[in-house]
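J.: got a sequence here, can you model it:
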Amino acid sequence: MPSVTHDDAPLLADLMPWSVAPPRLGRGWPTAPDAASLRARWDALVKAEGPDREALFAPTRSRTLHTAVAQLPGQSSGTVRLARESGPCPEPVRVLHSPFDEQWLIPDHRLIDSARPELWRVADERQVFAVEQTVVPESSGPALLVCSVLPLSAGRGGRVRPLYRRPGGLEPNLAPGLLEHLGSRLGHSPGPDPLDVLAWTVTVARAGRGGCTVPLTADADVWARGVELGRRMLWLMRREGERPKLPGGRRPYVRAPLPARPLDVHYDRDDETLHLDEGLISPVPPEVWDFEVGGVRVLEQWFAARTAGPEAGTLEAVRPVTWPQVWTSELLELVTVLALLAELRPQQAELAEATVADTPVGAAELRAAGVLPVPDAARRPASVLDHHEEGPEGQFALI
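T.: Purely as a prediction, here's the structure:
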């Protein structure tokens, strides 16, 4: 999306003030594109003993087999030292491993160097996570990614900003007074829905070296167009509900069967075909192959996560022997999502121009209205401990 100069556009960091660094695993084996591999890896870990178990675990300064940690909020994994663990694998959960790539994670605090419990406490079916992207020169990728599952530290993703500060879609993570001020300027009473503010934000946000900025408007028609466009972008990014489809004739299909384990992927622009060794998928528009986030092609990164050769003898080497059919279905859906998002870029550019040209609501106006600066408390997590969380070795913390 072409950049639009508007120096007074407020920072996303002020509009959605509470943010958390993304979880950092410290080891790759607790995540995988398929849940069955994670269960097999866990079984291999707990069957190993002594130095063999330690080598498989891949200890770091933050986590060893003897680290004592509390249970992850909302999860039911064990809390005994991993050196003594012999129970079944905790049920894997879906996470955003990298841009547009949902994978599986063993949700066990003992396996994760920096799990960010405050994010797990507010992760539920109502939550939406916005992930700020860092600036990459000459990259056309989005400034903001949105997902419904917990995002991990991957690629060039920056801070994670939950839409809600409490479970159940309670207490929006927005500058106090922002909804009311926007409602007054737009002629809406009451103010906009928090999800509409996020929809607008994902449509017009742009990355900058000083941080992600979000031009705002007081033009009700421009706002309505932006929210409608943003709602579609949210639906495509969150991958929830009805599966997206391209019109017949533009819908991608497998034209030649994929091999049992494809090793190479490349793209033919002339006939818009994605080659996975001798396997063929088409049509794949050039905009899909060129779709980048953080300067990295999404399709290449997605493919590499499933085919890169792991080191022999490690838990990462426990993986499907052949390419699962479900990965092909996921790849076809990913092509569809990226194609539909790429189609929206001209509308995003038009909206950005209209926002600056018409009736912008800038940071100076928000300061004059008392919306900015936000109070320090808005940048800290809300207290959401309404039940006991199990601590190390089955102990319960006093709260």
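
J.: from the centroid of this structure, which residue is nearest?
T.: Among the residues of the chain, the one closest to the centroid is residue 151, at 4.1 Å (C-alpha atoms, centre = their mean).

J.: surely that one and residue 161 touch.
T.: No. Using C-beta atoms under 8 Å as the test, residue 151 is too far from residue 161 to be in contact (10.3 Å). For every residue, glycine as well, the C-beta is placed using N, CA and C.

J.: okay, and the common contacts of the two?
T.: Taking C-beta atoms under 8 Å, 6 or more residues apart in numbering as the contact rule, residue 151 and residue 161 both touch 129, 131.

J.: quick one: low-confidence parts of the stretch 151-300 of the chain?
T.: Applying pLDDT under 70 to the stretch 151-300 of the chain flags the ranges 153-157.

J.: helices of that one, start to end?
T.: 178-186, 194-204, 220-238, 286-289, 298-307 (DSSP state H, counting those that start in this stretch).

J.: which of the ones you listed sits closest to residue 318?
T.: Nearest to residue 318 among these is helix 298-307 (13.9 Å), distances taken as C-beta to C-beta.

J.: and the closest one, what does it pack onto?
T.: If you count contacts as 3 or more C-beta pairs under 8 Å, 6 or more residues apart in numbering; DSSP states H and E, helix 298-307 packs onto strand 93-98, strand 101-105, strand 265-268, helix 325-343.

J.: change it to 7 Å
T.: Packing partners of helix 298-307 (3 or more C-beta pairs under 7 Å, 6 or more residues apart in numbering; DSSP states H and E): strand 93-98, strand 101-105, helix 325-343.

J.: mean confidence score for the shortest one?
T.: It refers to strand 101-105. For strand 101-105, mean pLDDT rounds to 97.

J.: name every strand pairing with it and say which way it goes.
T.: According to DSSP bridges, strand 101-105 forms sheet pairs with strand 31-32 (antiparallel), strand 93-98 (antiparallel).

J.: these: which one's closest to residue 107?
T.: Going by C-beta to C-beta, the one of the strands paired with strand 101-105 nearest residue 107 is strand 93-98, 5.0 Å.

J.: now what about the closest one, what contacts it?
T.: Contacts to strand 93-98, defined as C-beta atoms under 7 Å, 6 or more residues apart in numbering, come from residues 31, 102-105, 107, 147, 149-152, 154-155, 301, 305.

J.: quick revisit: now tabulate the helices and strands packed on helix 298-307 in TSV and tack on distance to residue 254 and mean neighbour count.
T.: Converted to TSV, those look like this (distance: least, C-beta to C-beta, whole Å; neighbours: other C-beta atoms under 10 Å):
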stretch	distance to residue 254	mean neighbour count
strand 93-98	24	21
strand 101-105	20	21
helix 325-343	6	18
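
J.: returning to that earlier point: identify the residue nearest the residue nearest to the centre of the chain in space, chain neighbours excluded?
T.: Nearest residue to residue 151, sequence neighbours excluded (C-beta to C-beta, 6 or more residues apart in numbering): residue 96, at 4.2 Å.

J.: residues in contact with residue 185?
T.: 218, 361.

J.: go again using 10 Å as the cut-off
T.: For residue 185, the contact set (C-beta atoms under 10 Å, 6 or more residues apart in numbering) comprises 191, 216, 217, 218, 219, 220, 223, 359, 361, 365, 369.

J.: top of those by number of neighbours, please.
T.: residue 216 (29 neighbours; other C-beta atoms under 10 Å).

J.: so that one is in contact with residue 359, correct?
T.: Yes. If you go by C-beta atoms under 10 Å, residue 216 and residue 359 touch, sitting 9.4 Å apart.

J.: any residues in contact with both of the two?
T.: Both residue 216 and residue 359 are in contact with 185, 186, 223, where contact means C-beta under 10 Å, 6+ apart.

J.: show me how the protein divides into domains.
T.: What automatic domain parsing lists as the domains of the chain is 12-243, 253-334.

J.: end to end on the first one, go ahead and measure it.
T.: Meaning domain 12-243. Using C-alpha to C-alpha, to the nearest Å, one end of domain 12-243 lies 30 Å from the other.

J.: quick one: it to chain centroid distance?
T.: Chain-centre distance of domain 12-243: 5 Å, with C-alpha atoms, centre = their mean, to the nearest Å.

J.: quick revisit: need the helices of the stretch 151-300 of the chain in CSV (columns: distance to residue 350).
T.: Shown next, in CSV, are those (distance: least, C-beta to C-beta, whole Å):
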stretch, distance to residue 350
helix 178-186, 19
helix 194-204, 11
helix 220-238, 9
helix 286-289, 17
helix 298-307, 24
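
J.: quick one: closest of these to residue 354.
T.: helix 220-238 (5.0 Å).

J.: counting by contacts, list what that closest one packs against.
T.: Applying 3 or more C-beta pairs under 10 Å, 6 or more residues apart in numbering; DSSP states H and E, we find helix 220-238 packed against strand 129-133, strand 144-147, helix 178-186, helix 194-204, strand 216-217, helix 325-343, helix 345-357.

J.: could I get those in a markdown table, plus columns for distance to residue 80?
T.: Formatted as a markdown table, the helices and strands packed on helix 220-238 follow (distance: least, C-beta to C-beta, whole Å):
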| stretch | distance to residue 80 |
| --- | --- |
| strand 129-133 | 31 |
| strand 144-147 | 32 |
| helix 178-186 | 46 |
| helix 194-204 | 40 |
| strand 216-217 | 51 |
| helix 325-343 | 34 |
| helix 345-357 | 51 |
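
J.: of all the ones you listed, which one is nearest residue 249?
T.: Ranking the helices and strands packed on helix 220-238 by their distance to residue 249 (criterion: C-beta to C-beta) puts helix 325-343 first, at 12.7 Å.
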